[in-house]
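> model the structure of this input:
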Amino acid sequence: MKKLTFILLLLLVLFCAELFCSKYLGISIRPHGAPLNCKISSDINAVLNCINTQYMKYDTLTAGWNDDLSARYLNARMKRFYRNSNMEFSPFTSVKPCYGKNNCAVTLKDENYRIDTYRNLVAYVKLNPETSSYTYNRGDGKWSNLMLPKLWMFRRSYKFPYHDIVIGHRNGKDIFYILSMEAVPLAGSYDLLIGSITAFCSETDRPKGKKYICGGYRFYLYDNIRSNAKSFSLSLDRRQNPEHILVKYGQASYQIKLDD
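Next comes the predicted model:
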């Protein structure tokens, strides 16, 4: 009897701690984080402002001055690299020859990656939240790293533990597009999903084929990730001079117009 009472008291303490931390600190034992009291809307700026307001409230209790400076710095860099992009529903057809083989997932030296190949180029992106990616040119035998700036929109958001990559060629440049996704749990039936596509360019006039960030796209979806975080895939409408990026999330697929 005493053991049962102890277990019930322990469960009650954990439940109360979860309620307190979720409401006042934005901390949760749930894998996707504490849900925010923000309603979904077609006005994405209103939703983002609501999320920012609630996260700022939590951060005043938990973050130090250095965290605040870091957040401001990252926010300024995000505005430089990424722009909000409109999406349209579109059929998804992958230009990647490996797409039908486990969605281009491979294991190399006990590490899991998604890959793409085009002409002499091979591109890899590691399947974990801390993105690590690199390319290999079979023509000259050179390796090159692609270092993402880790510009998640929200520090507290749930980070999807995988990414995708696709190679294209535009305006005389080889371009490597990498898709990363994060999610903000919301109160109610749906959560906000945020996709960030970073474009890396490679030019022959750069030393050792050095890559640099030459564009960024950001888009938003609503889905219930607490019940089912679906997989996603990235492609282009064509390899040479593509006009659209193609994104598949679950059973839905979209296109995003590329900038010149």
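
> so, low pLDDT: which residues of the stretch 1-150 of the chain?
Counting by pLDDT under 70, the ranges of the stretch 1-150 of the chain that qualify are 1-33, 58-79, 129-132, 147-150.

> try 80 this time
Across the stretch 1-150 of the chain, the ranges flagged by pLDDT under 80 are 1-34, 56-81, 108-111, 127-134, 136-150.

> quick one: the helices in it?
2-20, 44-62, 65-81 (DSSP state H, counting those that start in this stretch).

> can you list the domains in the protein?
2-82, 84-257 (automatic domain parsing).

> tabulate those domains (CSV), appending mean neighbour count.
Any C-beta I mention is one placed from the backbone N, CA and C, and that applies to glycine too. What follows is those, written out as CSV (neighbours: other Cβ atoms under 10 Å):
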stretch, mean neighbour count
domain 2-82, 13
domain 84-257, 17
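
> show me where the stretch 151-260 of the chain has helices.
Using DSSP H, counting those that start in this stretch, helices in the stretch 151-260 of the chain do not occur.

> just the strands in it please.
Taking DSSP state E, counting those that start in this stretch, the strands of the stretch 151-260 of the chain run over residues 158-159, 164-170, 173-184, 191-202, 211-223, 232-236, 244-249, 252-257.

> rebuild the ones you listed as CSV, extending it with distance to residue 108.
CSV is the format used below for those (distance: least, Cβ to Cβ, whole Å):
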stretch, distance to residue 108
strand 158-159, 22
strand 164-170, 14
strand 173-184, 17
strand 191-202, 20
strand 211-223, 20
strand 232-236, 20
strand 244-249, 24
strand 252-257, 28
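
> adding mean pLDDT, write those strands out as TSV.
TSV is the format used below for the strands of the stretch 151-260 of the chain (pLDDT from 0 to 100):
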stretch	mean pLDDT
strand 158-159	88
strand 164-170	93
strand 173-184	91
strand 191-202	90
strand 211-223	88
strand 232-236	95
strand 244-249	95
strand 252-257	95
